[in-house]
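Participant: build the 3D model from these lines:
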Amino acid sequence: MHVVVAGGGTAGHIEPALNLADALVARDPSITVSALGTAKGLETTLVPARGYPLDIVPPVPMPRTVNGQLVTLPARVRSSVRATRDVLAARHADVVVGFGGYVALPAYLAARGRVPIVVHEANAKAGLANRVGARFTRFVAETTAGSIPGATLIGLPLRPVIADLDRPAHRAEARAFFGLDPQAPVLFVFGGSQGARRVNEGVVGAAQGLAEAGISVLHAVGRKNADQRPDPAPDGFVTVDYVDRMDLAYAAADLAVCRSGAMTVAEVSAVGLPAIFVPLPVGNGEQRRNAEHVIAAGGGLVIADQDFTAESLLATAVPIITDPARIATMSAASATQGTRGAAERLVDMTLEAAAGG
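Facilitator: Residues are numbered from 1 along each chain as shown. Alright, predicted model coming up:
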């Protein structure tokens, strides 16, 4: 069996696709998987790094306003669909699994009537590509209830190292790995794979105040934001460009400060880590929607991007992280919103779709 995953452009589309690929091969090593992507997306590095072949097709970004791109859209869609159809034939695809993004729409259109389709929606509000793809198949899965009418709620496929993480069991190891105080409360601040300059500015400005409150900090600035570090850094403030061991970062932390992309929300809730979410103010507001169920359950709080400052961070984080009872309550609430078995459920759906095709 050969499975083609389509989810290029951003890490939020690529990571769940690769997590499914890993789960498929773990279930049956005879299954092969390839990915569709664009020449400029993060998939050009993420997909080969995970050991899967990548086929490049022309992207189809959907204009958000009426402009010149809208006029050329039909021709660009046709060109991308033709190229994608050639890939599916060359790969002898048995099923296409789409996760949204620039390559998902041509994948759905190319597969329609030829190759079984599975759709997975990560965000609380579905994008156009997945809304179209869901019309072509009954195999539709979602991370948040209500994102696509009629979809099956399964959660977001996670890496086993995250889905199976026992935070308390790895706490001492994790703190030693990052050089953090084994006893002090730890605030983990990160802005996704690329970092987040506003989040960085806030935590750097709050560095001294956090230290005075007895709080250690693990701050992932992002590889392009090496200039955003406290100078000098107070004791207990650890800065890294990028976190390769997110499992240990989650295990070391008592509270996170992060964006609320679908993957971030799924991971912190799966491991039961309470969070202060700072939604990225772009798109259709999906980042804020992604975190709403965790916030409503009591597992997190939100600070709007424009309101995130050193002062707002200190006022929000310090009373929480220095109160062990409150941290315990929020951790338990966060865990109620997490889903650890989504990858296996999506494997089941993919195999059923392929068999039916």
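
Participant: tell me where the stretch 251-357 of the chain is predicted with low confidence.
Facilitator: By pLDDT under 70, the low-scoring segments of the stretch 251-357 of the chain are 283, 357.

Participant: what ranges do the strands span in the stretch 151-300 of the chain?
Facilitator: Secondary structure of the stretch 151-300 of the chain (DSSP state E, counting those that start in this stretch): strands at 152-153, 186-190, 216-220, 237-240, 255-258, 275-277, 300-302.

Participant: got TSV for the ones you listed, with distance to Arg345 and mean neighbour count too?
Facilitator: Quick note: C-beta positions are derived from backbone N, CA and C, even for glycine. Compiled in TSV, the strands of the stretch 151-300 of the chain are given as follows (distance: least, CB to CB, whole Å; neighbours: other CB atoms under 10 Å):
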stretch	distance to Arg345	mean neighbour count
strand 152-153	8	14
strand 186-190	27	27
strand 216-220	30	26
strand 237-240	33	18
strand 255-258	25	26
strand 275-277	24	25
strand 300-302	24	22
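
Participant: select the longest helix from this protein.
Facilitator: helix 68-90 (DSSP state H).

Participant: tell me what that helix is packed against?
Facilitator: Counting contacts by 3 or more CB pairs under 8 Å, 6 or more residues apart in numbering; DSSP states H and E, helix 68-90 packs against helix 104-111.

Participant: tell me the angle the helix it packs on makes with helix 68-90.
Facilitator: Angle, helix 104-111 to helix 68-90, by axes from the mean of the first three to the mean of the last three CA atoms, to 10 degrees: 50 degrees.

Participant: state the mean pLDDT of helix 104-111.
Facilitator: Helix 104-111 carries an average pLDDT of 95.

Participant: cool, and stretch 78-98?
Facilitator: Here the average pLDDT along stretch 78-98 is 96.

Participant: return the distance of the residue most central in space within the chain relative to Ser312.
Facilitator: In the chain, the C-alpha nearest the mean C-alpha coordinate belongs to Met263, at 2.1 Å (CA atoms, centre = their mean). Met263 is 25 Å from Ser312, where distance means CB to CB, to the nearest Å.
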